Each structure stands twice: as structure tokens, then as C-alpha cells.
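Asks: Provided below are the primary sequence and the corresponding predicted coordinates.
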Amino acid sequence: MTFRPWHHAVVLAWLLIGLCVGCEPRAGTGHERYVPVPEKARATITVALEMWQRGEPVGEVPGTKPLVVVVDSFRREGQTLEQFEVLGEVPGLTQRTYLVKLTFANPAAEEKVRFAVLGIDPLWVY
């Protein structure tokens with residue numbers, strides 16, 4: 001079998017097409033693979049805030065799958081979280097940042113605070 005010049009061009013074209021398709025970025029291969037879906041992020045914040053209401057310390061939340069880890073420097077000693085309302089997703093330093101209205105006792109106060117959720121497994125709440 002003899003190759004004519006146009007055969008080489010066709011083979012080269014198919015090789016280039018194969019390389020281009022093979023090099024196409026795939027969904028979920030960048031940092032977005034570490035961004036939880038909005039529903040999961042919101043539910044994770046709710047779990048963290050319910051834990052706070054019960055007076056539990058920050059850290060790993062037992063029994064969560066995937067594991068939830070709460071890192072919170074906002075808590076004040078002796079102050080208790082009476083109520084919270086997740087107001088919605090807002091722009092922030094991370095892909096999943098939520099504005100939450102917190103109602104405290106000892107002393108009584110009400111504040112709006114941003115919480116960020118990072119990761120997939122574990123899920124980190126800041």
C-alpha cells in the first residue's frame with residue numbers, strides 16, 4: 001500500500017484532532033472539584049449552627065457523612081446562640097459563602113455573619 005501526500009495530511013489531521021480532544025479540560029478537574037453544591041453547603045452550615053446552639057465545641061461533628069469540621073473564631077465565652085437564620089448565599093472569598101443572622105443571649109445581641117464552606121470530604125465550615 002502506497003501513501004500519497006494527501007494520506008499523510010489526513011492521518012496528521014486525525015492525530016491533531018485526537019490530541020485536541022484528549023487535552024480538553026474535563027469538568028471537575030480544577031478547584032471546582034472542592035466546591036460543595038449549594039444545597040450541601042447550606043445544610044452543612046445548618047448542622048454547624050445547630051451544634052453551636054446545643055453548646056457543643058468546635059471541631060469534628062460526630063456522625064456526619066461526609067465529615068463536617070467546624071472552625072469558628074467568632075464564639076465568645078459564655079455567650080449562647082439562641083437562634084439563627086441562613087439568609088442566603090452571598091459573594092465572599094470562597095465559592096460557598098452564606099450570610100447568617102445570629103441571635104445571642106448572655107449578653108443579648110443580634111449580628112449578621114458570613115460563614116464559608118470549603119471542601120467535599122471533609123466539609124469545612126469557617
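Replies: Perfect, I can see it now.
Asks: from here on, contacts and neighbour counts on C-alpha atoms
Replies: Fine.
Asks: all helices of this protein, in order?
Replies: In the chain, the helices defined using DSSP state H lie at 5-22, 38-53.
Asks: among these, where is the model least confident on average?
Replies: Of all these, the minimum mean pLDDT falls on helix 5-22 (a mean of 41).
Asks: quick one: the strands in the protein?
Replies: 59-61, 68-70, 80-90, 97-105, 109-118, 123-125 (DSSP state E).
Asks: so which of these gets nearest Val37?
Replies: Relative to Val37, the nearest member of those by Cα to Cα is strand 109-118, separated by 10.1 Å.
Asks: tell me the angle that closest one makes with strand 97-105.
Replies: If you take axes from the mean of the first three to the mean of the last three Cα atoms, to 10 degrees, strand 109-118 sits at 150 degrees to strand 97-105.
Asks: Just list the residues touching Arg42, thanks.
Replies: Under the criterion of Cα atoms under 8 Å, 6 or more residues apart in numbering, the neighbours of Arg42 are Val86, Tyr98.
Asks: Show me what Glu60 bridges to in the sheet.
Replies: The partner list for Glu60 in beta bridges (DSSP bridges) reads Val69.
Asks: same check, this time on Val125
Replies: On the basis of DSSP bridges, Val125 is bridged to Val70, Val117.
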